[in-house]
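Novice: 3D model of this:
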Amino acid sequence: MDVNDLASEDFLDIVWGSEHGWVDMPAKIGQYWSPWHYEYEGEADNYMSGRIDGCLNDREDLYFSAGIFEKRGRNFDDLRPPQWLWADLDEIHPNEAGKRGLLPTLAWESSVGRYQAMWKLGRRVSVKAFDRLNQSLSYYLGADHGGWDRTQVLRLPGTRNFKYTPAPMVRLLWYKEEVVYNAREVWDTVRGSVPQGVGLEAPPPGTRPGAVPAKVRALLRATPDTVVEGERSSKLWHIECLLAEAGWGADAIYDVVARSAWNKWASIGTGERRLRQEIAKAIRKVQSKALEDAKRRKEKAVAQDLSGTGVVDRPGDGSNDLGTGDRKIKDTVQDASGELVVIEPDIFVFPWSRYSKFMALAMEEPKWLIEGIWTAESQGILGGEPKTSKTTLGLALAMSVASGKSLFGNPDYRVRDQGPVLFVQEENAPWMIQDRMKKLAHMYGILGSIVEKRAPRGSLGKYVYDIVFPEDIPLKLLNNYGLDLTQEDHREAIWKEVEQFKPRLVVLDPLYMIMAGVNFDKAHELAPYLKWLLALSNEFKCAVCIIHHFRKAQPGNNTRPGQRLMGNATLHGFVDSALYCEQIDADDRRRTGTLYTRVHREFRSIEPQKSLEFGIKMNPPGELGMSVEVNTYDLSARIVDLVNEQPGVYARSLSKETGIDYRILIGRARDSERIKLSAIKRGRGTSYRLYPRDFNGNT
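Specialist: Numbering: from 1, shown residues only. Below is the predicted model:
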């Protein structure tokens, strides 16, 4: 059979056959898995095709469960008696298995130089027999010792491996329909391959095939009790670099050093990610050094080749410097007549525009991303006090833009520029983010089909809900990854993702977590990263919303909300659109379970807007209920009500009592026909008292 004619769906039909049961096609997104459980009925259908196409379009690594399960969930105890054996061969070519009498029925290349395979049995075997048989097969072939288990997922041929650049195709090598094995004969070949004392549930550490440098072998013999703690970092880095120089890939290096006594990240929850980041840096360093060495060798060869005929002089004493900054050097060469010719190096020039050309440019007028809430293609801050629903509001913005649904279902705040959204979240637990998103999706009517179940004992709510097929919207999340915009590779990864995904909105939550180590009180430390975010917004015409905290309020300090942001005033200057959240009526929260938040709106390119008041009430975690009340907050009317309650109140006292800026309070009172402002001279100053007027202007 010509494997080029086999689509991914055909491959799945071969593996899963005509049997009915539950399968899984999970995708890996960063460090998180996104399961996709499906009740397979003997043939790959349009739902599966949609899953494959969606993952390819979203650049997600797609896998399939090698086995079929009795129940939804790909649980260890639910595997049905299998008719296939499988192995993650890594660098071992499937032909090597053939030389040992076990040619795979199916074989594919998961990435360049890495392979996976499956062997068909003449009939199904018990799950217990499968465990011993499949583990022994992996050990016999020298395959990945952890790639044989019941719940194993493998890469799907016909998709792409986005782990590597430039996303190589997962390529099916062959399907040999006639190659079918007797389980007893396979067992006779592979039995005894698993070392004594190795349990089925805990495969032992093993090394990858290939040459290991002698220095690395010596270091890997170290046991934990012989490792000096102060040497752990340097030795680990040395091992990583030596293996990279020997041509080892990132996965192979990880498998060796992760099990070694030198792994300083072993006891840390984020250890795998941090170790892999360090390995990637080691590989980049080795590659960079190799390029520099090659460049120096080439320059030396050219210089030797041109000796006496071309290059005359490359002075380094500063006599030909272009300036005191970069000290760029002029080259002097001889032309055909023997005359010296000076070659000027390139000089950076700014892209100035003439007045007439700039005025003739066709520029769009500002427009709304979400009407009354955020302007399109603008950068800004969603800031506020703790516990004022900043993250919930940020998620609501993101899901509204991605789905096209009005904010909190309120028609006054319609989406005017619907499109993809990227959401980075570094502060809250993943379960909390998912719970908020479930409630919002239910409110927006995009949750899909759900199954209500009684909550387990000890749960916070009475019910929990399984989402069978959520409606997809163009929203991507990077959740608790550890994004750090002070790292160049992280900025490059964000830039590339924005370039490919073309979002209308990027949300970063919160600022202090994504700019680790930056002193927000110092403009020279903060400004470079704000400039980078502004460049991102301008380059790709997307809005950027940063979630940030207020500094602690000082008694009697009634500054404008934007000036309360933690850090330097540079942050307030960065704002084009902004939402500032303040908690109000804390007693009502305790009494009714509703959190009331006042949201001040600020725009650079749109006329001033009145503040809003949100009353958000959510059911316990796990449940879907959520209600949001949105009202316009009229500050002038509020001041009139306060003066009616306290006739003759002093402006200073009212300002301290309410937190309303004293200057704003006086200005609104002076402009109001419902308030009389009475000035009282006191020494060199003036005090003001406020009295109510009736509708006829009488006090």
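
Novice: helix, strand, or coil at the nearest residue to Pro224 once chain neighbours are set aside?
Specialist: Spatial nearest neighbour of Pro224, excluding adjacent residues (CB to CB, 6 or more residues apart in numbering): Ala261 at 4.6 Å. C-beta: built from backbone N, CA, C; applies to glycine. Judged by DSSP: H, G, I helix; E, B strand; the rest coil, the three-state class of Ala261 is coil.

Novice: do you know how far Ala261 is from Leu508?
Specialist: 38 Å (CB to CB, to the nearest Å).

Novice: more crowded one of those two?
Specialist: Counted by other CB atoms under 10 Å, Ala261 and Leu508 do not tie: Leu508 has more neighbours, with 26 against 17.

Novice: pretty sure that one is in a helix, no?
Specialist: No - under the criterion used here (three-state DSSP), Leu508 is strand, not part of a helix.

Novice: middle-most residue in the chain, spatially?
Specialist: The centroid of the chain falls nearest to Leu478 when counting by CA atoms, centre = their mean (2.2 Å).

Novice: about what we covered before: and the pLDDT for the residue nearest to Pro224?
Specialist: Note for Ala261: predicted pLDDT of 84.

Novice: how many residues are close by Gly271?
Specialist: 14.

Novice: same thing with Ile546?
Specialist: Neighbours of Ile546 (other CB under 10 Å): 26.

Novice: identify the bridge partners of it.
Specialist: Counting by DSSP bridges, Ile546 forms beta bridges with Ile381, Leu508.

Novice: for it, what are its contacts?
Specialist: By CB atoms under 8 Å, 6 or more residues apart in numbering, Ile546 lies in contact with 379-382, 508-511, 533.

Novice: what does Leu85 give?
Specialist: 118-119, 121, 130, 133-134, 137, 181, 186.

Novice: out of these, list just those in helices.
Specialist: 130, 133-134, 137, 186 (DSSP state H).

Novice: which among those residues gets closest to Gly685?
Specialist: Asn134 (87.3 Å; CB to CB).

Novice: would you verify that Gln116 is located in a strand?
Specialist: Yes - membership of Gln116 in a strand is supported by three-state DSSP.

Novice: ok, it touching Glu91?
Specialist: No - with contacts counted by CB atoms under 8 Å, Gln116 stays clear of Glu91, the gap being 11.6 Å.

Novice: who has more neighbours out of the two?
Specialist: Legend: neighbour count by other CB under 10 Å for Gln116 and Glu91, higher for Gln116 (26 against 18).

Novice: so what sits opposite that one in the bridge?
Specialist: Asp88, Trp108.

Novice: Provide a list of residues in contact with it.
Specialist: 86-89, 107-108, 110, 147, 154-155.

Novice: on that earlier part again, which non-adjacent residue is nearest the residue nearest to the centre of the chain?
Specialist: Spatial nearest neighbour of Leu478, excluding adjacent residues (CB to CB, 6+ apart): Val424 at 4.7 Å.

Novice: doesn't that neighbour fall inside a strand?
Specialist: Yes - counting by three-state DSSP, Val424 is found in a strand.

Novice: counting neighbours, what do you get for it?
Specialist: 22.

Novice: was I right to think it contacts Met515?
Specialist: No - using CB under 8 Å, Val424 is not in contact with Met515, being 11.8 Å away.

Novice: the helix or strand hosting Leu579 pairs with which strands?
Specialist: Per DSSP states H and E: Leu579 is located in strand 577-584. Sheet pairing of strand 577-584 (DSSP bridges) gives strand 379-384 (parallel), strand 594-603 (antiparallel).

Novice: using pLDDT, spot the least trustworthy of the contacts of Gln116.
Specialist: Among those, Gly147 has the lowest pLDDT, at 80.

Novice: Lys522 and Asn568, how far apart?
Specialist: Counting by CB to CB - Lys522 and Asn568 are separated by 7 Å.

Novice: hmm, back to that, now do the SS call for the residue nearest to the centre of the chain.
Specialist: strand.

Novice: and the contacts of Gln116 as a markdown table, adding distance to Lys496 and neighbour count?
Specialist: A markdown table is the format used below for these (distance: CB to CB, whole Å; neighbours: other CB atoms under 10 Å):
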| residue | distance to Lys496 | neighbour count |
| --- | --- | --- |
| Trp86 | 34 | 25 |
| Ala87 | 34 | 31 |
| Asp88 | 28 | 20 |
| Leu89 | 31 | 25 |
| Ala107 | 32 | 24 |
| Trp108 | 27 | 25 |
| Ser110 | 23 | 23 |
| Gly147 | 30 | 19 |
| Leu154 | 27 | 21 |
| Arg155 | 22 | 22 |
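
Novice: how's this structure carved up into domains?
Specialist: Domain assignment for the chain by automatic domain parsing gives 3-190, 214-288, 368-447+455-580, 637-692.

Novice: least reliable of those by average pLDDT, please.
Specialist: Taking the mean pLDDT of these, domain 214-288 comes last: a mean of 79.

Novice: end-to-end on it?
Specialist: 23 Å (CA to CA, to the nearest Å).

Novice: what's the longest helix in the chain?
Specialist: Per DSSP H, the chain has its longest helix at helix 271-306.

Novice: please name every helix or strand in contact with that one.
Specialist: helix 232-245, helix 250-257 (3 or more CB pairs under 8 Å, 6 or more residues apart in numbering; DSSP states H and E).

Novice: of these, which is nearest Glu41?
Specialist: That would be helix 250-257 among the helices and strands packed on helix 271-306, by CB to CB, at 35.5 Å.

Novice: packing partners for the closest one?
Specialist: When contacts are defined as 3+ CB pairs under 8 Å, 6+ apart, helix 250-257 packs onto helix 232-245, helix 271-306.

Novice: tell me which of those helices lies nearest to Gly394.
Specialist: With CB to CB as the criterion, Gly394 lies closest to helix 271-306 of the helices and strands packed on helix 250-257, at 23.9 Å.

Novice: rewinding a little: and Lys522 and Asn568? Which one has more around it.
Specialist: Asn568 (18 against 12).

Novice: quick one: the more buried one and His524 touch, right?
Specialist: No - the criterion here is CB under 8 Å, and Asn568 misses it with His524 at 9.3 Å.

Novice: neighbours of Phe520, how many?
Specialist: 19.

Novice: and for the one 4 residues further on?
Specialist: Taking other CB under 10 Å as the neighbour definition, His524 ends up with a count of 9.

Novice: next, the contact list for it, please.
Specialist: His524 neighbours (CB under 8 Å, 6+ apart): none.

Novice: how about it, secondary structure?
Specialist: helix.

Novice: with the one 5 residues further on instead?
Specialist: The three-state assignment at Tyr529 reads helix, by three-state DSSP.
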